[in-house]
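[1] Mind folding the following:
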Amino acid sequence: MKHFIDQRCQDFTKNQSRMISSILNRHTGKIVIDRLEVDNDLITEPESVRFHTAKHFQTCVGAPATDGTIPDEWSNDYLPINSINNSIYDHLMDSPSFSEWYDFIANAPTNKAPDPSQLSYDLMKHLSPLGYPSSTYLRLF
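    Purely as a prediction, here's the structure:
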């Protein structure tokens, strides 16, 4: 039991993704590929199974239909807009301040579906204000 308590404490600081998955009872399902049929031959040797599985997923979609260049008729649409001041992006990736988080959570809509982290605004509204700064890290998952 002590091992699992220690692991939970360690996950809190070093592996928040596993901690959240554990708290929310999310478990990843796994499939086991231990045999394949290739050209009417059954393959069971593990190394060969891994090779053919990787080969399948690398080639099943096929090559891209384009080389990635933008067609001439669209090139003007992808040029930078000169009327936009580039300085508006200077602080785009800054973390929100405490008051910004507090205001956002207080004014967030209720009864909305949660994002992939499964943390709804309703749940976050029940946090103590001391939990807001640490909740900024939760939104990264």
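[2] Would you map the strands across this structure?
    Assigned by DSSP state E, the chain shows strands spanning 36-38, 41-43.
[3] What's the local residue count around M19?
    A total of 19 residues lie near M19 under the criterion other CB atoms under 10 Å. In short, each C-beta sits where N, CA and C put it, glycine included.
[4] Spatially nearest residue to T53, not counting backbone neighbours?
    I33 (5.5 Å; CB to CB, 6 or more residues apart in numbering).
[5] what's the spacing between the one you found and G62?
    21 Å (CB to CB, to the nearest Å).
[6] ok, these two, which is more surrounded?
    Under the criterion of other CB under 10 Å, the comparison of I33 against G62 puts I33 first, with 11 against 6.
[7] That one contacts F51, doesn't it?
    No - between I33 and F51 there is no contact under CB atoms under 8 Å: 11.6 Å.
[8] how near is the spatially closest residue to H27 that is not a sequence neighbour to P114?
    For H27, ignoring the flanking residues on the chain, the nearest one in space by CB to CB, 6+ apart is S21 at 7.3 Å. Using CB to CB, we find S21 at a distance of 14 Å from P114.
[9] and if you look at I70?
    37 Å.
[10] Domain boundaries for this structure, per the record?
    Domain ranges of the chain: 1-27, 31-61, 96-141, per automatic domain parsing.
[11] May I see the buried residues of stretch 98-107?
    W101, I105 (16 or more other CB atoms under 10 Å).
[12] how about the helices in the protein?
    2-14, 16-23, 46-59, 72-75, 98-107, 121-125, 132-138 (DSSP state H).
[13] between the ones you listed, which gets nearest to S87?
    Counting by CB to CB, S87 lies closest to helix 98-107 out of these; the figure is 19.7 Å.
[14] shaky segments in this protein?
    128-141 (pLDDT under 70).
[15] same thing but at 80, please
    For the chain, the stretches with pLDDT under 80 are 27-28, 62-64, 96, 98, 115-119, 123-141.
[16] my guess is K125 meets Y102, correct?
    No - counting by CB under 8 Å, K125 stays clear of Y102, with 10.8 Å between them.
[17] out of S21 and P114, which sits in the more crowded spot?
    Ranked by neighbour count (other CB under 10 Å), S21 and P114 place S21 first, with 17 against 13.
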